[in-house]
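S.K.: quick one: sequence plus predicted model below, questions after.
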Amino acid sequence: MTSAKKRIWGWFFFDWASQPYNTLLITFIFGPYINDLLGDGSAAQAAWGYGIGFAGLFIAVLAPFLGVIADKAGGRMRFIALFSVMYFLGAWGLWYAAPDNFNLTLVMISFAIGMIGMEFATIFTNAMLPDLGTEAEIGRISGSGWAFGYVGGLIALIIMLLLLAEGPNGKTLIGISPIFGLDAAAREGTRSVGPLTAVWYAVFMVPFFLWVREPARAKGLGVVTAAKSAWPALKVSLRALPRQRSLFAHLGSSMFYRDALNGMYVFGGIYAAGVLQWSVVNVGIFGILASITGAVFAWLGGKADSRFGPKPVIAVCVLVLTLVAIGVVTISKTSVFGLTVAEGSALPDIGFYIMGAVIGAAGGALQSASRTMTVYQAHPDKITEVFGLYALSGKATSFIAPLSIGIVTDITGSQQLGIAPLIGLFIIGLILLLWVKPKGDRT
């Protein structure tokens, strides 16, 4: 394997290593577990929304500063190493969410630490994308990396479902007790999702740190000096943003549609557990479908991105997800797409499985194309800063989806109506996309 290919594959391994935090913890295993512990779908959805929303606010505040510091000081790898430690510790801490000694506050703090570590590490790995290939190649590289990450998340999910996560009968999906002698009565099989996610990350980040090398650059400022100058430099960039209309529109558009997409991922499992009374195993099967379609369409989306550019890919995906959000709100145990179904009908479950597959497909392609679009909008000397702003735009309103879902769910007492704010967020993102130039302000 040539050095260039090794760097690309090493970079792919960050997506592979980090994806289980999204797949296992945020969406398909730990979220529904919280629902089980609280015993009230609406209460779980509200608590999950508040916890993730406040973590998003923290990420939004610090992300742009980190981007500026990294561009001025260089040495992205040391930042990635630091935030990897946060990822590991936060994920591992979820093991202690025992049913007989459950402290929601401490669990959400641990979850937030890991989530913050993942998001901050992602800023620096995304900023490496332009160094991996030509402008014509980065769409395909981004899509392949995202697809590789989905495959990693899928394999981790299958391991969890087959060998560890216990259903209501205390058995895993294949009818065995959780391996390693884990106590099903104490939910140790499901709680092991925290250590599994942590160890998975630690093991599969090894190729990243061995194979990825940053291109040689002029020696940057010291970290302390860069940090002191970060705020003045960031103020200049923020003031200039409105004059960079395409970048400004891209950040605004992605701010809303990514928030809505994350809302789907974050609440999909809890929604299914509460509205359709799915078990963790049922939600896991839903996750397998979404991960398979996510991997396939992230890869296909990368090819479409390289051929047509990222903007058409983004537009199609956001439109599809808007329709899916409308469809999800209409699915319950007694109705599908607004039509009443007989008691015990399998149609609500089938409908939600289909929605999950479409969310995975459109979400995978959308996130990959958005990453490529950010590269097109950025000045090469400020790539990490722009990805910091991209993280800011992804988190500046990241509290809107979870908090609005939490608030609407609280007010209405309905998980179905609680999901409705996502529809408006997708529509706003689609409208703002009209002002985004395919090649940025350079054209």
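M.R.: Thanks, I have the structure now.
S.K.: which one in this protein is furthest away from the centre?
M.R.: Most distant from the centre of the chain: Ala342, at 35.7 Å, with distances by C-alpha atoms, centre = their mean.
S.K.: quick check: it vs Ser142, distance?
M.R.: 45 Å (C-beta to C-beta, to the nearest Å). In short, each C-beta sits where N, CA and C put it, glycine included.
S.K.: what does Leu430 give?
M.R.: Counting by C-beta to C-beta - Leu430 and Ser142 are separated by 21 Å.
S.K.: and the helix or strand harbouring Leu261, which residues are buried?
M.R.: Assigned by DSSP states H and E, Leu261 falls within helix 245-275. The neighbour-count check on helix 245-275 (16 or more other C-beta atoms under 10 Å) flags 246-275 as buried.
S.K.: same check on stretch 161-168?
M.R.: Residues of stretch 161-168 classed as buried: Leu161, Leu162, Leu163, Leu164, Ala165, Glu166, Gly167 (neighbour count, 16+ other C-beta under 10 Å).
S.K.: right, and out of those residues, which lies closest to Ile288?
M.R.: Leu161 (7.5 Å; C-beta to C-beta).
S.K.: for that closest one, give me its contacts.
M.R.: By C-beta atoms under 8 Å, 6 or more residues apart in numbering, Leu161 lies in contact with Thr172, Leu173, Val281, Gly284, Ile285, Ile288.
S.K.: I'd like these as TSV, with neighbour count appended.
M.R.: TSV is the format used below for those (neighbours: other C-beta atoms under 10 Å):
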residue	neighbour count
Thr172	23
Leu173	21
Val281	22
Gly284	26
Ile285	18
Ile288	20
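S.K.: check these for the minimum pLDDT and say which it is.
M.R.: Taking the contacts of Leu161 together, the minimum pLDDT is found at Val281 (74).
S.K.: host element of that one?
M.R.: Element membership for Val281, per DSSP H and E: helix 280-308.
S.K.: please identify the buried residues of that helix?
M.R.: Buried residues in helix 280-308, counted by 16+ other C-beta under 10 Å: 280-302, 304-306.
S.K.: stretch 141-152 now?
M.R.: Neighbour-count burial for stretch 141-152 flags Ile141, Ser142, Gly143, Ser144, Gly145, Trp146, Ala147, Phe148, Gly149, Tyr150, Val151, Gly152 (criterion: 16+ other C-beta under 10 Å).
S.K.: leaving out chain neighbours, which residue sits closest to the third one?
M.R.: Yep, that's Gly143 we're talking about. Gly302 (1.4 Å; C-beta to C-beta, 6 or more residues apart in numbering).
S.K.: show me the contacts for that neighbour.
M.R.: Applying C-beta under 8 Å, 6+ apart, the residues near Gly302 are Gly139, Arg140, Ile141, Ser142, Gly143, Ser144, Trp146, Ala147, Ala365, Ser368.
S.K.: could I get the phi/psi values of Glu343?
M.R.: Here the main-chain torsion angles of Glu343 (degrees, to the nearest 10) amount to phi -60, psi 130.
S.K.: burial count for the spatially closest residue to Phe337 that is not a sequence neighbour?
M.R.: Among residues not flanking Phe337 along the chain, Thr330 sits closest, at 4.9 Å (C-beta to C-beta, 6+ apart). Each residue near Thr330 was counted by other C-beta atoms under 10 Å, and the total is 13.
S.K.: any idea how far the host helix or strand of Ile8 is from the chain center?
M.R.: Element membership of Ile8, judged by DSSP H and E, is helix 3-20. Helix 3-20 sits 17 Å away from the centroid of its parent chain (C-alpha atoms, centre = their mean, to the nearest Å).
S.K.: what is that helix packed up against?
M.R.: The contact analysis (3 or more C-beta pairs under 8 Å, 6 or more residues apart in numbering; DSSP states H and E) places helix 3-20 against helix 104-126, helix 138-159, helix 193-204, helix 206-211.
S.K.: low-confidence bits of the stretch 51-200 of the chain, can you list those?
M.R.: 74 (pLDDT under 70).
S.K.: recalculate using a threshold of 80.
M.R.: In the predicted model, the stretch 51-200 of the chain carries pLDDT under 80 at residues 51-54, 56-57, 60, 63-75, 135-136.
S.K.: so the helix holding Ile8 versus helix 193-204, what angle?
M.R.: For helix 3-20 against helix 193-204, the angle by axes from the mean of the first three to the mean of the last three C-alpha atoms, to 10 degrees is 170 degrees.
S.K.: and Val320, how far is that from Tyr353?
M.R.: From Val320 to Tyr353 the distance is 16 Å (C-beta to C-beta).
S.K.: whoops, I mixed them up, Phe180
M.R.: Counting by C-beta to C-beta, the gap from Phe180 to Tyr353 is 30 Å.
S.K.: who has more neighbours out of these two?
M.R.: Tyr353 (17 against 10).
S.K.: which element is that one on?
M.R.: helix 347-377.
S.K.: which strands and helices lie in contact with the next helix or strand after that helix?
M.R.: With elements assigned by DSSP H and E, the helix or strand that comes after helix 347-377 is helix 383-396. Here helix 383-396 touches helix 41-73, helix 104-126, helix 223-240, helix 245-275, helix 347-377, going by 3+ C-beta pairs under 8 Å, 6+ apart.
S.K.: buried stuff in the second one?
M.R.: By neighbour count, with 16+ other C-beta under 10 Å as the criterion, the buried positions of helix 104-126 are 104, 107-108, 110-126.
S.K.: pull the contacting residues for Leu163.
M.R.: Neighbour list for Leu163: Thr172, Ile176, Pro178, Ile179 [criterion: C-beta under 8 Å, 6+ apart].
S.K.: can you lay out those residues as JSON lines showing distance to Val212?
M.R.: Converted to JSON lines, the contacts of Leu163 look like this (distance: C-beta to C-beta, whole Å):
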{"residue": "Thr172", "distance to Val212": "36"}
{"residue": "Ile176", "distance to Val212": "38"}
{"residue": "Pro178", "distance to Val212": "35"}
{"residue": "Ile179", "distance to Val212": "33"}
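S.K.: which among those residues end up buried?
M.R.: Thr172, Pro178.
S.K.: which one of the contacts of Leu163 is nearest to Thr190?
M.R.: Distance ranking of those against Thr190, using C-beta to C-beta, places Pro178 first at 8.3 Å.
S.K.: which SS class is that closest one?
M.R.: Secondary structure for Pro178, judged by DSSP: H, G, I helix; E, B strand; the rest coil, is coil.
S.K.: show me what contacts the residue nearest to it when sequence neighbours are not counted?
M.R.: Take Pro178 and drop its neighbours on the chain: the residue closest to it by C-beta to C-beta, 6+ apart is Gly189, 3.0 Å away. Applying C-beta under 8 Å, 6+ apart, we find Gly189 in contact with Leu164, Ala165, Glu166, Thr172, Ser177, Pro178, Leu182.
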